[in-house]
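Asks: Okay, sequence plus prediction incoming.
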Amino acid sequence: MTIVLDTNVLVSGIFFGGIPEEVLTRWSEDRFQVYVTPSILEEYLRVIERTESKKVDGALKQHWKDMLPDVCHLVPDIQRPKRIARDAHDDKFVYCAITSGAKFLVTGDKDLLSLNDVFPFKILPPQDFMKILK
């Protein structure tokens, strides 16, 4: 199964636990593959670097930064012919899902979730994605 993982789910799973952490655990169990573009991977690494948490020490942060380029499947950034999401920065996730042929875009972003019926993939919050994995 192929998915695109929004930065908010990745960072929440690393730093704050809960259902996003369960999503990351399933990823580590090879239950699905995560597709990214160079701009998404750059955003992942930048947000991990700047997020502070008492739960995660510097070594674990570095582990994620070192590991992500190896475990994510890279597809090229494409020129975005039109704006899709209310926030133009969210478009990269939609276009990545289109380019990669992903089955799901997993996000907590309400703007992206509101686009759900428009694409050949489903846009789901982490809790709904976990139901599919069970």
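Replies: Here it is on my side, so go on. Numbers count the residues shown, from 1 in each chain.
Asks: Quick check: mean pLDDT of stretch 53-71?
Replies: Stretch 53-71 carries an average pLDDT of 84.
Asks: Might you calculate how far that stretch sits from the centre of the chain?
Replies: If you compare the mean C-alpha spot of stretch 53-71 with that of the full chain, they lie 15 Å apart, counting by C-alpha atoms, centre = their mean, to the nearest Å.
Asks: which outside residues touch that stretch?
Replies: By C-beta atoms under 8 Å, 6 or more residues apart in numbering, the surrounding residues in contact with stretch 53-71 are Ile14, Phe15, Phe16, Gly17, Trp27, Val34, Leu41, Tyr44, Leu45, Ile48, Glu49. C-betas here are computed from N, CA, C, even on glycine.
Asks: quick one: contacts for the first one?
Replies: The reference is to Ile14. Taking C-beta under 8 Å, 6+ apart as the definition of contact, the neighbours of Ile14 are Glu21, Leu24, Ile48, Thr51, Val56, Leu60, Lys61, Trp64.
Asks: re the thing from before, just the buried members of the contacts of stretch 53-71?
Replies: Of all these considered here, the ones buried according to neighbour count by 16 or more other C-beta atoms under 10 Å are Ile14, Phe15, Trp27, Val34, Tyr44, Leu45, Ile48.
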